[in-house]
Structures are given as structure tokens and as C-alpha cells.
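In: build me a structure from this.
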Amino acid sequence: MPNSPETILARALHGGGTGRYIGALLMDAGRLTPEATESILKLQKESGLRFGEAAIQLGLLSEADIQFALSRQFDYPYLIPGDTSISEEVIAAFKPFSASVERLRALRSQLMVRCLDPESGHRCLALVSPQRGEGRSFLAANLAVVFSQLGERTLLIDANLRQPRQHELFHLGSQPGLSAVLAGRCEPAGAICRIASLLDLSVLPAGTIPPNPQELLNRPAFGQVLDHAQAHYD
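Out: As a prediction, this is how the structure comes out:
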């Protein structure tokens, strides 16, 4: 995978990209001063080190800072600790270089090979389990993020109309959701929320918990929601 987190970090520490460009990204983010950038570039020139190596040797940047800069350079969006736009349970958005998220990417790869085939129209996944508390919401949220990090327009639909959680994980608040769409009170486009901090991710929250969730999901309107998703997302 050419733009995996490991490849991105290697480009920062061992090659790829110019030091000045990385320095400019970090100055824009307030993580480096112009003076510090020049010190790094000077050591880089004198020692033959890469920009990231020189910066870390001088104690001016951490590995996390380099990860941040390269994620911006290669359009690999993730959030820094303390960002409150979404819950930190969405670990794929906050810790894309961790072993846990690497396992999520491995699962994504298997799903792409075994289950998804855009040419034949197989572009939807349903995550189900027989019991509550088995991690469906966590897995769905994080899988949606890692798919969106491929640059694929990704829509996460919270169809758990009994105990929905995606509105909590993505801090969406109270607004129309899937239940309103299925009841005919709202069009899908009016209930879908684009996640501003993760460029290619949108979420259709469950909305108000209805008294008849199973009956709503059995309505033809749910098929129309999926048709809308197929037409507007990857």
C-alpha cells in the first residue's frame, strides 16, 4: 500500500519529500519556528541526515510531529490528541500508526479482497452480531475511517435503531437521522453529516429511537437509502 502510515513515516525519516516543504507544514501548524527550521536544515546539509532525523537529533521535533507533517503532505488525514471533534474511541482517526489500527487495515484489505467488488456493485458492508456489547459500533466507526483514509468516499450508516452510538462517537448531536428517513420525514441527503475533520467520511446517524425499529428497517425506504449510498459514495 503506497501511502500506508509506515511508508509515510519512512519517507520523512529516510527519504522522500523536501525538508523545506515538511518544515513549512510544521511551521503552518505552529510546531516549528522559522529559526528552528533553519537549524534543522543546516544540520541536514552538514550531516547528510534526512529532515526528520535531523529534527529529532536536535530535540526540536518528536516522531509524532513528523508523522503529522507527512500525513498532511500525502493527504493521510488523522487527528491530534486533544481534538474534540470526534470521540477518541475512534482510534483510527487518532492513532493511525498503532498496532491496533494496523490490524484494522489488515481487516480492511481482507474485506476488499473477499467481499467488495465495485465493478459488480458490491460496495456495501453490514456489521452484525447476536448480542449487545460486542463492539459493533466501535468496529464500524473505525473501519469507516480506515476506508475513508484510502480516499474513498465512505458513508457510515447507523442502523442500530435500538441503541445507536455513532452520533456519540462522531459528536453529531441531536438531528434527523435514519429513522426520520425511513418514516418519510426526511430525504437521505438531509440527514447525512459530512465529518469535516476526515475528508472522505460521512455519517448517517440513527436519529430518534423509534418504537418500531425492525418494522422501519423492513420498509422499502431502507433500500432507497442504500441506493442513494451506492450512487453518491464509493
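In: next helix or strand past the lowest-mean-pLDDT helix or strand in the chain?
Out: Of all helical and strand segments in the chain, the minimum by mean pLDDT, DSSP states H and E falls on helix 5-14, at a mean of 48. Counting by DSSP states H and E, the next helix or strand C-terminal to helix 5-14 is helix 19-28.
In: buried residues, that following helix. List them.
Out: Across helix 19-28, burial judged by 16 or more other CB atoms under 10 Å covers 19, 22-26. (Each C-beta comes from the backbone N, C-alpha and C, glycine too.)
In: repeat that for stretch 42-55.
Out: For stretch 42-55, the neighbour count (16+ other CB under 10 Å) marks 43-44, 49-55 as buried.
In: from the residues you listed, pick the one nearest F147.
Out: G52 (28.1 Å; CB to CB).
In: so that closest one, which state does it fall into?
Out: Assigned by DSSP: H, G, I helix; E, B strand; the rest coil, the conformation of G52 is helix.
In: what about Q166, how many residues nearby?
Out: 25 (other CB atoms under 10 Å).
In: all helices for this protein, in order.
Out: With DSSP state H as the criterion, the chain has helices at 5-14, 19-28, 34-47, 51-57, 63-73, 91-94, 99-114, 136-148, 166-169, 178-182, 188-191, 213-217, 220-232.
In: closest to the centroid, which residue in the protein?
Out: By CA atoms, centre = their mean, the chain has its centre lying nearest to V145, at 2.9 Å.
In: that one reaches F94, doesn't it?
Out: No: counting by CB atoms under 8 Å, V145 stays clear of F94, with 9.6 Å between them.
In: what about the closest residue to G151 other than its chain neighbours, distance to V181?
Out: Nearest non-adjacent residue to G151, counting by CB to CB, 6 or more residues apart in numbering: D200, 6.0 Å away. Note on D200: its distance to V181, by CB to CB, to the nearest Å, is 22 Å.
In: who's more crowded, the two?
Out: Regarding D200 and V181, a neighbour count based on other CB under 10 Å identifies V181 as having more, with 26 against 21.
In: mind listing what that one touches?
Out: Contacts for V181 (CB atoms under 8 Å, 6 or more residues apart in numbering) come out as 187-188, 191, 204, 207, 221, 225.
In: so which of the residues you listed is the closest to Q73?
Out: Nearest to Q73, judged by CB to CB, of the contacts of V181 is L204 at 31.4 Å.
In: show me the beta-bridge partners of the closest one.
Out: I157 (DSSP bridges).
In: how near is it to L161?
Out: Counting by CB to CB - L204 and L161 are separated by 12 Å.
In: shared neighbours, the two?
Out: Common neighbours of L204 and L161 (CB under 8 Å, 6+ apart) are L178.
In: which stretches of this structure aren't confidently modelled?
Out: 1-20, 74 (pLDDT under 70).
In: L70 versus the residue sitting furthest away from the middle of it, what's the distance?
Out: For the chain, the residue at maximal distance from the C-alpha centroid (CA atoms, centre = their mean) is E46, at 38.6 Å. As judged by CB to CB, E46 and L70 stand 23 Å apart.
In: now do E102
Out: 17 Å.
In: so these two - more neighbours on which side?
Out: Using other CB under 10 Å as the criterion, E102 and L70 rank with L70 on top: 24 against 15.
In: so the more buried one sits against R50, correct?
Out: No: L70 lies out of contact with R50 (CB under 8 Å); the separation is 11.4 Å.
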